[in-house]
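Chemist: Show me the folded form of this:
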Amino acid sequence: MNTALRACIKKFKHGKILVVGDLILDQYIWGQVSRISPEAPVPVVAVSSETAQLGGAANVSNNIRALGGRVDLCGVIGADEGGRHLLDALKRQGIGCDGILSDQSRPTTRKTRVVAHNQQLVRFDTEQAGSISGPLEARISRYVAACIRSASALVVSDYAKGVVTPRVMSDLTEAAHRHHIPIIVDPKVAHIRRYKSVTVITPNHLEAMQSAGLHGDDEATLLDAGRHLQERLGCQAVLITRGERGMSLIEGRMKDGGTKVKTTVTHIPTVARQVFDVTGAGDTVVATLALALSVGASMRQAAVLANHAAGIVVGMVGTGTVTAAQLDEALTHG
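Modeler: The predicted model follows:
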């Protein structure tokens with residue numbers, strides 16, 4: 001199987017992905033802790049440096065570029081310093097930014113993390129998560145309708161920050177179906193009904209259980225949740241990410257007459273050797289899955305590649321990306 005997977009990686013450069021979703025600026029404040037504050041029982045961080053990285057849909061796009069694929073990104077930023085910083089960073093990475101719209105009524109979504117000795121101490125968020133305006137919805141839909149003609153896959157990165165509204169999701173699904181390209185969704189539980197008829201969704205184990213309205217932590221209940229979501233949404237597959245337990249892929253099809261075909265389940269064990277930070281790992285999974293599907297991989301092959309990519313990125317501190325060479329190396333020596 002590794003031979004076929006490595007051949008798939010070589011085709012990544014031919015994939016062109018359209019990513020639509022919530023843009024996030026991930027800021028990191030790095031330092032050391034040597035004492036507790038006399039003002040309150042909290043650590044005092046002596047700041048040594050500050051960095052900023054692409055997050056949310058921007059990080060998905062960055063992962064696609066790192067893997068060698070081409071990408072056009074569509075989303076909303078604020079008319080502020082964070083938005084300008086994010087836009088500049090995207091352009092430096094060679095990510096298509098014509099679909100990025102500015103909204104003066106809201107700030108650019110920003111997550112700031114304080115990290116000391118490779119341990120995250122606190123995170124504070126700057127955001128306005130209400131739905132975008134009707135005119136912005138219309139502009140996104142028009143952009144997607146024009147851009148999707150040259151895309152080989154559509155990714156919807158939903159962080160519930162206001163971009164993936166019911167109208168936007170409906171228009172995206174219709175456009176992708178019209179051009180016969182796969183739709184890969186990184187979902188939010190509260191929006192689960194919006195993802196009907198997509199190709200695959202990638203919830204983590206907790207999101208899968210909540211979305212299906214089930215309770216429990218055992219294997220059988222989790223798979224019931226996956227089957228329920230796959231049938232309820234009418235999607236081709238549900239890929240549940242499960243941390244140290246790897247992934248579970250639930251696939252199913254409907255016959256032309258609407259008869260349910262038997263669901264198949266594939267368990268993919270984790271390949272992570274060490275875990276430093278899971279930040280952004282879901283973005284890496286979605287990016288790899290989409291790029292693999294866009295160049296003709298089967299759902300199972302794409303999921304295995306996504307699992308290997310996630311195993312690499314969790315070994316990094318902060319929001320990281322995986323290159324095609326790293327992924328190929330992991331398959332060779334994994």
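
Chemist: per-residue confidence for Asp256?
Modeler: With respect to pLDDT, Asp256 scores 54.

Chemist: try the one 10 residues further on
Modeler: The predicted structure scores Thr266 at 94 on the pLDDT scale.

Chemist: Does the closest residue to it other than its chain neighbours belong to a helix, a strand or coil?
Modeler: Excluding the flanking residues, the one nearest Thr266 by Cβ to Cβ, 6 or more residues apart in numbering is Leu249, at 4.4 Å. Bear in mind the C-beta positions are built from the backbone N, C-alpha and C, glycine included. Local secondary structure at Leu249 is given as strand here, using DSSP: H, G, I helix; E, B strand; the rest coil.

Chemist: Can you list the low-confidence ranges for the stretch 151-300 of the chain?
Modeler: 253-261, 272-280 (pLDDT under 70).

Chemist: do the same with the stretch 1-150 of the chain
Modeler: 1.

Chemist: Tell me where this structure has strands.
Modeler: 16-21, 23-36, 43-56, 70-78, 96-103, 109-116, 119-126, 153-157, 183-186, 200-201, 237-241, 247-251, 264-268 (DSSP state E).

Chemist: Could you find the residue nearest the spatial middle of this structure?
Modeler: Asp283 (3.1 Å; Cα atoms, centre = their mean).

Chemist: That one reaches Ile64, doesn't it?
Modeler: No: using Cβ atoms under 8 Å, Asp283 is not in contact with Ile64; the gap is 9.7 Å.

Chemist: Could you save the strands of the chain as a markdown table and add columns showing distance to Ser170?
Modeler: Formatted as a markdown table, the strands of the chain follow (distance: least, Cβ to Cβ, whole Å):
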| stretch | distance to Ser170 |
| --- | --- |
| strand 16-21 | 13 |
| strand 23-36 | 21 |
| strand 43-56 | 21 |
| strand 70-78 | 15 |
| strand 96-103 | 18 |
| strand 109-116 | 23 |
| strand 119-126 | 28 |
| strand 153-157 | 12 |
| strand 183-186 | 12 |
| strand 200-201 | 16 |
| strand 237-241 | 20 |
| strand 247-251 | 24 |
| strand 264-268 | 29 |
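
Chemist: export the ones you listed to TSV and tack on mean neighbour count and distance to Arg227?
Modeler: What follows is these, written out as TSV (neighbours: other Cβ atoms under 10 Å; distance: least, Cβ to Cβ, whole Å):
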stretch	mean neighbour count	distance to Arg227
strand 16-21	28	26
strand 23-36	18	32
strand 43-56	16	29
strand 70-78	25	32
strand 96-103	18	35
strand 109-116	20	33
strand 119-126	13	34
strand 153-157	28	22
strand 183-186	28	18
strand 200-201	27	13
strand 237-241	27	8
strand 247-251	23	6
strand 264-268	15	8
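
Chemist: out of these, nearest to Ala324?
Modeler: strand 70-78 (13.1 Å; Cβ to Cβ).

Chemist: what's the angle between the closest one and strand 16-21?
Modeler: Relative orientation of strand 70-78 versus strand 16-21 (axes from the mean of the first three to the mean of the last three Cα atoms, to 10 degrees): 20 degrees.

Chemist: end to end, how far does stretch 29-45 reach?
Modeler: 9 Å (Cα to Cα, to the nearest Å).

Chemist: For the closest residue to Met247 other than its chain neighbours, which residues are in contact?
Modeler: Nearest residue to Met247, sequence neighbours excluded (Cβ to Cβ, 6+ apart): Ile268, at 4.4 Å. The contact partners of Ile268, by Cβ atoms under 8 Å, 6 or more residues apart in numbering, come to 246-249, 303-304, 307.

Chemist: And for Leu239?
Modeler: Taking Cβ under 8 Å, 6+ apart as the test, what Leu239 contacts is 200-202, 247-250, 285, 289, 303, 306.
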